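S.K.: What shape does this take:
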Amino acid sequence: MLYISDTEPVVFFSVGLSKMLTVLPNAYIVFNKVFVDNRWSYHVTSGLYMVPVTGLYDINCHVVTRAGTTIYLKLKRNGRLVKLNG
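M.R.: Numbering: from 1, shown residues only. Predicted coordinates:
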């Protein structure tokens, strides 16, 4: 197991899509390509990530859309919307 210090375990994962995707309103984006997941916490069938270690998480997202398209993303924790700044 990888640790930052003697007591803080490291958690990291990276997922993506292998093809273009049309997402219906209020649907989950299920990423079908797992690049790395050191705790096996991302579920490719449901698109859910189960946090394996209590702590702070830095979540990044990169989205590409067609010109003139508006996109709205929501992040939920335990089924509840997480307030985002911006």
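S.K.: strands paired with the helix-or-strand element of the chain with minimal mean pLDDT, and their directions?
M.R.: Within the chain, no helix or strand scores below strand 76-77, which has a mean of 90 by mean pLDDT, DSSP states H and E. Strand partners for strand 76-77, identified by DSSP bridges, are recorded as strand 80-81 (antiparallel).
S.K.: tell me the average confidence for the strand it pairs with?
M.R.: For strand 80-81, mean pLDDT rounds to 92.
S.K.: what sits up against it?
M.R.: By Cβ atoms under 8 Å, 6 or more residues apart in numbering, the residues outside strand 80-81 that reach it are K74, L75. For every residue, glycine as well, the C-beta is placed using N, CA and C.
S.K.: what about 7 Å?
M.R.: Contacts with strand 80-81, where a contact means Cβ atoms under 7 Å, 6 or more residues apart in numbering, come from K74.
S.K.: Ok, stretch 44-59 next?
M.R.: Applying Cβ under 7 Å, 6+ apart, the contact partners of stretch 44-59 are P9, V11, Y28, I29, V30, F31, N32, V34, R39, S41, Y42, L75.
S.K.: Please identify which of the residues you listed is nearest to A67.
M.R.: Taking Cβ to Cβ as the measure, A67 lies nearest I29 of these, at 20.6 Å.
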